[in-house]
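In: model the following, please.
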Amino acid sequence: MKHTDVREILQSAGWVGKEATVCGWVRTARDSKNMAFLALNDGTSLTHLQIVIDKNAGTALPAEAAKLGAAVKVVGTVVVNENNGTHEVNAKEIEVLGVCPPDYPLQKKFQKLETLREMPHIRVRTNTFNAVFRVRSVMAAAIHRFFQEKGFVYVNTPLITGSDCEGAGEMFQVTTIGYPEPGKYKNADEYYADDFFGKKAGLSVSGQLEGEGAAMALGKIYTFGPSFRAEKSNTVRHVAEFWHVEPEVAFAELPDVIELAEEMIKYIIRDYMEKCPEELKFFEQRFQPGLTEKLMNVLNNDFAIVDYTDAIELLKKADVEFQYPVEWGCDLQSEHERYITEQIYKKPVFLINYPKAIKSFYMKQNPDGKTVAATDLLVPGVGEIIGGSEREADLDKLLAAMNERGMRLDDYADYLDLRKYGSVPHGGFGLGFERAIMYVTGMENIRDVIFYPRTVGNIR
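Out: As a prediction, the model looks like this:
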C-alpha cells in the first residue's frame with residue numbers, strides 16, 4: 001500500500017502544499033457538526049499527525065474512523081497549522097482499514113506500566129513503548145556501527161551449546177525426549193545418549209567461549225544476540241531471555257577492555273541523543289527528570305576506575321544501613337553498586353580486581369593469588385550493565401581454576417585448545433543491552449524495554 005510515513009510528513013517542509021497519503025491508528029478523535037479532527041500515529045514518530053476534516057468541503061468522516069484504535073488511510077493536502085507551526089493534513093478521502101470495537105484496552109486514561117505488561121502485543125501502541133522501541137532500534141544500529149567502524153568482525157555464536165560459560169548451572173535444558181518412561185534409563189548418561197545431540201545441551205548463557213575462538217583467528221570480533229539465564233531472580237533487572245553484546249579482542253589486557261567499553265558506551269549514548277531528541281525529551285518529562293544532564297555528564301567525564309578492595313572499604317565507612325552486609329569477598333548487590341555510583345562518584349564506575357572466588361573460571365588470575373583481572377561497569381540508577389575481564393591465557397592456570405570448580409574438562413576441550421595453540425593475552429566484555437536501554441531512557445523495569453519479557457512463570 002503506497003503511502004508516506006507520518007515522520008516524513010511532520011519533518012519535511014517539501015510536503016507543504018502537496019497531496020499525501022498517510023496510514024495509521026487513531027489516537028484521539030474530536031467530532032462536531034462542521035469539523036472533525038483525528039490524531040494519527042503510524043509508529044514512525046512520537047508526535048501524532050493531525051488530520052483535519054472539513055465537512056462543509058464535502059469530506060466524509062466514516063463513523064468507524066472516529067473510534068479510538070481504528071486503522072485508517074487518509075488522502076489529503078499537507079498544510080502548516082497557523083497556531084503552532086506544525087504540519088497537518090486537510091483530508092479529502094478517509095478509508096477505514098481496520099475497525100476497533102469499544103473494548104479496545106488503550107482507552108484515553110492513565111494506565112500503569114504494570115497493567116500494560118499484561119498486554120505486550122498492544123502496549124507498543126502507547127507513546128511510552130513507541131518511544132522505547134524506536135530508541136532500542138537506534139541503539140542496536142549504533143552498536144553495530146561502532147564495532148564495524150573499528151574493524152571488528154561480527155560473528156554469530158551458537159544458541160544451543162554443550163558447555164556452561166559462566167559455570168553457574170543456570171542453563172535451560174534443550175531436549176527432544178520430554179518425559180521419559182519410568183525405568184527407561186538407568187542413569188543420566190543413558191538419558192543424554194538417547195537425546196538429539198547425544199549429550200546434555202542447553203541454551204547459551206553467553207557466546208563468549210565461542211567468541212574467544214573467533215578472536216584467536218580474526219583478532220577483533222563481536223556478537224550481538226540473545227542469551228538465556230534460568231535464574232529465578234524476580235527483580236526489575238533480570239529476565240530469562242535478554243540481548244547480549246559481547247566483543248572479544250586478541251592481544252589485549254584489562255586496561256584495553258576498559259577503554260573499549262567506555263568508548264562504546266559514550267558512542268551509543270551520543271548517537272541516541274543526536275537521533276532521538278524527541279524521545280529523550282519525552283523520557284525526561286515523564287520518567288526521569290535530569291536525564292539529559294545525566295547523559296551529558298557521562299559524555300563529558302572520564303569514568304572512574306576503582307579497585308574492588310577500595311570499594312568495600314568505602315561501603316563499610318558509608319553512613320548507610322545496607323540490607324546486605326558488606327565484607328571483602330562478597331558479591332556486591334544492586335544497593336551497593338548504586339551507592340558507589342550515585343552517592344560516592346556520581347558517574348559510571350569500573351570496579352576492577354574482584355575476588356576470584358566470586359568470578360568465572362576463565363578470568364585471568366592476578367599475581368596476588370586472590371583476585372582476578374575482572375571489571376564491572378556500574379552506572380547510576382541501574383547498577384551493573386557490563387561485565388568483562390582479561391581472560392586467563394595460561395593453560396595450567398586455567399586448568400587449575402576449572403579443576404577447583406569440579407568442571408568436566410571434556411566439555412571444554414575446544415576452549416582449552418586455544419591455550420595450547422598460540423595462546424595470547426586477550427579479553428572482552430558483555431553488555432546487557434536491555435540494561436543499557438534502561439539507563440538512557442530512565443525506565444526502571446527491564447520488562448519495559450523488551451518486547452515480550454520472559455520471566456519466572458511468564459512465557460506469554
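In: for the residue located most distally from the centre of the chain, which non-adjacent residue is spatially closest?
Out: Computed with CA atoms, centre = their mean, the residue of the chain farthest from its C-alpha average is Asn56, at 50.0 Å. Nearest-residue entry for Asn56: Asn34, 5.5 Å, with adjacent residues in sequence omitted and distances by CB to CB, 6 or more residues apart in numbering. To be clear about C-beta, it is placed using only N, CA and C from the backbone, and glycine gets the same treatment.
In: I'd say that neighbour and Lys55 touch.
Out: Yes - under the contact definition of CB atoms under 8 Å, Asn34 touches Lys55, with a separation of 5.4 Å.
In: mind listing the helices for this structure?
Out: Counting by DSSP state H, one finds helices in the chain at the ranges 6-11, 113-116, 120-123, 127-149, 188-193, 208-218, 254-275, 277-286, 291-300, 308-317, 334-339, 395-404, 413-420, 433-441.
In: quick one: buried residues of stretch 442-460?
Out: For stretch 442-460, burial by neighbour count (16 or more other CB atoms under 10 Å) applies to Gly442, Met443, Glu444, Ile446, Arg447, Asp448, Val449, Ile450, Pro453, Arg454, Thr455.
In: for the helix or strand of the chain with the lowest mean pLDDT, give me every contacting residue.
Out: One helix or strand of the chain scores below all others by mean pLDDT, DSSP states H and E: helix 188-193, with a mean of 89. For helix 188-193, the surrounding residues in contact (CB atoms under 8 Å, 6 or more residues apart in numbering) are Ile177, Pro180, Tyr185, Gly198, Lys199, Lys200.
In: could I get those in TSV, plus columns for distance to Leu68, pLDDT and neighbour count?
Out: Formatted as TSV, the contacts of helix 188-193 follow (distance: CB to CB, whole Å; pLDDT from 0 to 100; neighbours: other CB atoms under 10 Å):
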residue	distance to Leu68	pLDDT	neighbour count
Ile177	49	90	13
Pro180	52	82	13
Tyr185	57	89	15
Gly198	55	92	10
Lys199	54	89	12
Lys200	51	89	19
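In: which one among these gets closest to Tyr339?
Out: Nearest to Tyr339 among those, counting by CB to CB, is Lys200 at 40.2 Å.
In: how much space between the nearest residue to that closest one once chain neighbours are set aside and Gly183?
Out: Counting by CB to CB, 6+ apart, Tyr192 is the residue found nearest to Lys200 once chain neighbours are left out, at 4.9 Å. Distance, Tyr192 to Gly183, using CB to CB, to the nearest Å: 17 Å.
In: which of the two has more neighbours?
Out: Neighbour totals were compared for Tyr192 and Gly183, and Tyr192 leads with 19 against 6 (other CB atoms under 10 Å).
In: distance check, that one against Lys186.
Out: 12 Å.
In: and if you look at Arg134?
Out: According to CB to CB, Arg134 stands 55 Å off from Lys186.
In: which of these two has more neighbours?
Out: Taking other CB under 10 Å, Arg134 and Lys186 do not tie; Arg134 has more neighbours (19 against 8).
In: the more buried one: what's it in contact with?
Out: Arg134 makes contacts with Leu46, Cys276, Glu279, as judged by CB under 8 Å, 6+ apart.
In: mind putting the contacts of helix 188-193 in JSON lines, distance to Pro120 included?
Out: Formatted as JSON lines, those follow (distance: CB to CB, whole Å):
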{"residue": "Ile177", "distance to Pro120": "31"}
{"residue": "Pro180", "distance to Pro120": "34"}
{"residue": "Tyr185", "distance to Pro120": "39"}
{"residue": "Gly198", "distance to Pro120": "37"}
{"residue": "Lys199", "distance to Pro120": "35"}
{"residue": "Lys200", "distance to Pro120": "32"}
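In: what's the offset of the least confident helix or strand of the chain from the middle of its chain?
Out: 37 Å (CA atoms, centre = their mean, to the nearest Å).
In: and it, which residues are buried?
Out: Neighbour counts over helix 188-193 (16+ other CB under 10 Å) mark Tyr192 as buried.
In: do stretch 392-404 as well
Out: Buried residues in stretch 392-404, counted by 16+ other CB under 10 Å: Glu392, Ala393, Leu398, Leu399, Ala401, Met402.
In: looking at these, spot the one nearest Pro425.
Out: Of all the buried residues of stretch 392-404, Pro425 sits closest to Ala393, with 5.4 Å by CB to CB.
In: pLDDT score assigned to Glu181?
Out: The per-residue pLDDT reported for Glu181 equals 84.
In: excluding its backbone neighbours, what's nearest Phe361?
Out: Nearest non-adjacent residue to Phe361, counting by CB to CB, 6+ apart: Ala401, 4.5 Å away.
In: residues in contact with Lys370?
Out: The contact partners of Lys370, by CB under 8 Å, 6+ apart, come to Pro355, Lys356.
In: let's see it at 10 Å
Out: Counting by CB atoms under 10 Å, 6 or more residues apart in numbering, Lys370 touches Thr309, Trp328, Gly329, Asn353, Tyr354, Pro355, Lys356, Ala357.
In: can you check the pLDDT for it?
Out: Reported pLDDT for Lys370: 96.
In: same thing with Asp410?
Out: pLDDT for Asp410: 89.
In: any idea how far Glu313 lies from Gly430?
Out: Distance of Glu313 to Gly430, computed by CB to CB: 27 Å.
In: ok, those two, which is more surrounded?
Out: Between Glu313 and Gly430, Gly430 has the larger neighbour count (other CB under 10 Å), namely 25 against 12.
In: who's the closest spatial neighbour of Phe37, skipping the chain neighbours?
Out: Arg30 (4.6 Å).
In: which stretches of the protein aren't confidently modelled?
Out: Within the chain, the segments meeting pLDDT under 70 span 166-169.
In: now do 80
Out: Scanning the chain for pLDDT under 80 picks out 163-169.
In: highest neighbour count among the contacts of Arg134?
Out: Most surrounded of the contacts of Arg134: other CB under 10 Å gives Glu279, at 23 neighbours.
In: what residues does it make contact with?
Out: 45-46, 127-128, 130-132, 134-135, 138, 272-273, 440-441.
In: returning to that earlier point: and the residue farthest from the centre of the chain, how close does it get to Ala36?
Out: For Asn56, the distance to Ala36 - CB to CB - is 11 Å.
In: Ser233 too?
Out: As for Ser233, its distance to Ala36 is 50 Å (criterion: CB to CB).
In: swap in Pro453?
Out: Pro453 sits at a distance of 38 Å from Ala36 (criterion: CB to CB).
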